[in-house]
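[1] Pasted the sequence and its predicted model underneath.
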Amino acid sequence: MAFEGLADRLQSTIKKITGKGKVSEQDVKEMTREVRLALLEADVNFKVVKDLIKRIKERAVGQEVMESLTPGQQVIKVVKEELTALMGGEQSKIAVADRPPTVIMMVGLQGAGKTTTTGKLANLLRKKHNRSPLLVACDVYRPAAIKQLKTLGSQLDMPVYSLGTEANPVDIATQALEKAKADHHDYVIIDTAGRLHIDTDLMGELSEIKAQVKPDEIFLVVDSMTGQDAVNVAESFNEQLDITGVILTKLDGDTRGGAALSIKAVTDKPIKFAGMGEKLDQLEPFHPERMASRILGMGDVLSLIEKAQENVDEKQAKELEEKMRTMSFTFDDFLEQMGQVRNMGPLDELINMLPGANKMKGLKNAQLDEKQISQVEAIIQSMTKKERQEPDIINASRKKRIAKGSGTNVSQVNRLLKQFSEMKKMMKQMTNMQKGKKAKGMKFPFM
Amino acid sequence: MGFMDKLRNRFKQNAETEEVSEKYKEGMEKTRNSFSSKINDLIARYRKVDEDFFEELEEVLITADVGVNTVMDLIDELKMEVKRRNIKDTKEVKEVISEKLVEIYYGDDSQQIEELNLQEDGLTVLLVVGVNGAGKTTSIGKLANQLKSEGKNVVLAAGDTFRAGAIEQLEVWGERAGVDVIKHTAGSDPAAVIFDAIKAAKAREADVLICDTAGRLQNKVNLMNELEKVKRVIEREVPGAPHEVLLVLDATTGQNALSQAKTFSESTDVSGIVLTKLDGTAKGGIVLAIRHELNIPVKFVGLGEKMEDLRKFDANAFVYGLFADMLEDE
């Protein structure tokens, strides 16, 4: 793909300056050109890029080359700090009205993901904040938009207020507010129709709804794949409605998401949440620093580490380390490990967080098949306890039985056995390498 | 006669294209204004064609989402051309810029309008794919309406069994266009829906079957596999089908559109692009990059919300829409 991480882009320039004591102006100029291209490729708006580059140049020239960092890393560090500063701190609070219900309005272009996000937000409010929201279907234009929200409502077991497609969206919103008060809902989330920011009639309708229901939050929902036009969209919506925050959708794709930076720069409103999948619980707080890494193509290592920490039991990890050292690693441990990795989420998601993963083609198809992993699990589960402890005893007839039990064939069983013995060998080598050193907390043999 | 004159003349040839180009002009007003005024402004500010000029030109093109690689190639070619013709004045360079841009749009073949591959006899199957929220279902509704009005017997397959309300959305479009929609319940296997739809389309002796699919991000391997399966079912049931695989792209999408075009092509052999939402301020420059890097033609553009606002993509009209102001200046 055309995408290259900033680090790769900087390689050639870096080669020239390694060994130099100071980063010269010419070096910086060359490197900032690369930074500029990397940001533009990530869809950051060119005006925003220009301002950034200016600040980066000022900061980078004349800096002494730190021992611990290569000059390239140092430039990346400066760039990343600037990006993170621009994006502001993490802010995923949702307003609470003094007198309930708190009213939230969802606005945005067509196809940004407003209705889905409305469902996700409602789910989040109930799960994390223990609230009871009322969903309001104000999209009377798109065919079946109301039906979509109602379906989401029934999936979540939450009420949806609608007056059909003949009613005026302003009336629907106003009456929904009355209904929410009567039924003691503490949140009202109004789903509005997608519209172009240059459509004066429809933008006027939003202003009217705003004037009637006086929302505490107006979330602009933006597709994270948006290109250079993101600034125009965000600017228009913000000027006309004075939005309070942004929700970025479809961030589970492979877009670099430079739009996030552009939106923040032109509106100065916080990006509060990010849509990370199609399921209703996949709305997460937005992490500016991680987004900075992602835009630069550095991978979302932080998220990965966090996911690992969430899901891996420290004690189990210690035991495992001990087993690896003493070569008593068995199929049972292997199974447990796989379970832990899988707890972290779908494998392709994890791989996507790794730096440079986009470029590794092989990773994309072959190894990411969740089915294959299920098969491996099935094979191991079809082994007896003894076989799991001492795989050496597995002979031809045992193999046949295992294959039958797991719905696979003997060659698949053979492959797994071979892989397992290779893995054990590798572990031995790794632990040998560590001998003498203080053993560091090895969490995953594959990392 | 200059190149731009030629382009202009091609348009004034008959009244029908006049009407088409008016629609493009109208739909792309925002696009055109910002794009050509930027180039004009750039030319006015620089008198000399130098490095700074090119750097800024690069920016203008990138702002149109043209894509870094394509822009780099374009700039290199421009530099060479400028050297060859010994151009010093920025005014002269304007012509070269338009010429090169048009060259990319047209590619090697001179065919301006990419017609849908409709079969003379028997069933034509169209498979419509794309990421979430690109506008697949809406485009299908509009397309069904157009084919119907051309006298074709059209059947729609509700292959998006995942998103809430997707089946109902297609049904509403089916009603509006007056065509049948074949559906299963939500959550059922999309390949099975398509299988039934093909049977139904054959039984009804339909001319065209348009298959809707659920939106999917191109990096979801499982979902892309599901799409391949749908395509295999079509291939098996109707020899030579699908006759078109249309990738629906949102014009506001940035560089990721390239990744979409590439990945969807790998799994479903995309034969054409439907560029939606071009009536906003987005410039849809990514079309250039996709044509340039992957050689996939654009077949339709969405220029508004109305039924008839899905237009056959006419590269001439598109370029004319982009450069109308510049043409009229001269």
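    Looks like it arrived, so ask away.

[2] Next, count neighbours for residue 99.
    Let's take chain A. Neighbourhood size, A:Arg99 [other C-beta atoms under 10 Å in any protein chain shown]: 6. Glycine gets a C-beta too; all of them are placed from N, C-alpha and C.

[3] switch to chain B, that's the one I care about
    Residues lying near B:Glu99 (other C-beta under 10 Å) number 16.

[4] Next SSE downstream of the helix or strand hosting it?
    Assigned by DSSP states H and E, B:Glu99 belongs to helix B:90-106. Sequence-wise, the next helix or strand downstream of helix B:90-106 (DSSP H and E) is strand B:124-129.

[5] Tell me the strands beside that following strand, with direction?
    Using DSSP bridges, the strands paired with strand B:124-129 in its sheet are strand B:208-211 (parallel), strand B:244-250 (parallel).

[6] highest average neighbour count across the ones you listed?
    Highest mean neighbour count of the strands paired with strand B:124-129: strand B:208-211, a mean of 28 (counted as mean count of other C-beta atoms under 10 Å in any protein chain shown).

[7] Report the next helix or strand after that one in sequence order.
    Where DSSP H and E defines the elements, the next helix or strand beyond strand B:208-211 is helix B:221-237.

[8] So for that following helix, what gets flagged as buried?
    Residues B:221, B:223-224, B:226-227, B:230-231, B:233-234, B:237 are the ones in helix B:221-237 that count as buried (16 or more other C-beta atoms under 10 Å in any protein chain shown).

[9] Same check on stretch A:92-111?
    A:92, A:94, A:97, A:100-111.

[10] Which residue ranges make up the domains of the chain?
    Just going to use chain A. Following automatic domain parsing, one gets these domains for chain A: A:6-87, A:102-298, A:305-434.

[11] try again with chain B
    B:3-112+B:321-329, B:124-313.

[12] and those domains, which is most packed in?
    Counting by mean count of other C-beta under 10 Å, domain B:124-313 has the highest mean neighbour count of the domains of chain B, with a mean of 22.

[13] how far does that one sit from the chain's center?
    Remark: domain B:124-313 is offset 12 Å from the chain centroid, using C-alpha atoms, centre = their mean, to the nearest Å.

[14] which element follows the helix or strand harbouring A:Glu377 toward the C-terminus?
    Here A:Glu377 sits within helix A:370-381, counting by DSSP H and E. Going down the chain from helix A:370-381, the next helix or strand is helix A:385-389, by DSSP H and E.

[15] got a list of contacts for that next one?
    Residues from elsewhere that reach helix A:385-389 (C-beta atoms under 8 Å, 6 or more residues apart in numbering or on different chains): A:330-332, A:335, A:380, A:393-394, A:398, A:402.

[16] hmm, try it at 7 Å
    A:330-332, A:380, A:393-394, A:398 (C-beta atoms under 7 Å, 6 or more residues apart in numbering or on different chains).

[17] do the same with stretch A:159-169
    A:134-138, A:140, A:146, A:149-150, A:153, A:172, A:175-176, A:179, A:192, A:205, A:209.

[18] quick revisit: weakest of the domains of chain B in terms of mean pLDDT?
    The minimum mean pLDDT among the domains of chain B belongs to domain B:3-112+B:321-329 (a mean of 70).

[19] which helices and strands sit right next to the helix holding B:Glu99?
    helix B:3-12, helix B:29-45, helix B:68-84, helix B:286-294, helix B:315-329 (3 or more C-beta pairs under 7 Å, 6 or more residues apart in numbering or on different chains; DSSP states H and E).

[20] Report the angle between that helix and helix B:286-294.
    60 degrees (axes from the mean of the first three to the mean of the last three C-alpha atoms, to 10 degrees).

[21] to the chain's geometric centre, what's the distance from helix B:90-106?
    21 Å.

[22] relative orientation of that helix and helix B:68-84 in degrees?
    Using the same axes, to 10 degrees: helix B:90-106 against helix B:68-84 is 130 degrees.

[23] Where do the strands of the stretch 1-150 of chain A begin and end?
    Secondary structure of the stretch 1-150 of chain A by DSSP state E, counting those that start in this stretch: the strands cover A:102-108, A:133-137.

[24] in its sheet, what does the first one sit against?
    This means strand A:102-108. Paired with strand A:102-108 in the same sheet, following DSSP bridges, are strand A:187-191 (parallel), strand A:217-223 (parallel).

[25] The shortest one too?
    Paired neighbours of strand A:133-137 in the sheet (DSSP bridges): strand A:160-161 (parallel), strand A:187-191 (parallel).

[26] near chain A, from the buried residues of helix B:221-237?
    B:Val221 (C-beta under 7 Å from any C-beta of the partner chain).

[27] Out of the buried residues of helix B:221-237, which comes closest to A:Ile247?
    B:Leu223 (22.5 Å; C-beta to C-beta).

[28] Take the strands paired with strand B:124-129 and write them to JSON lines, including distance to B:Val128.
    Listed next are those as JSON lines, based on distance: least, C-beta to C-beta, whole Å:
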{"stretch": "strand B:208-211", "distance to B:Val128": "6"}
{"stretch": "strand B:244-250", "distance to B:Val128": "5"}
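
[29] Of those strands, which is nearest A:Gln372?
    For the strands paired with strand B:124-129, proximity to A:Gln372 was assessed by C-beta to C-beta; strand B:244-250 is nearest, at 27.5 Å.
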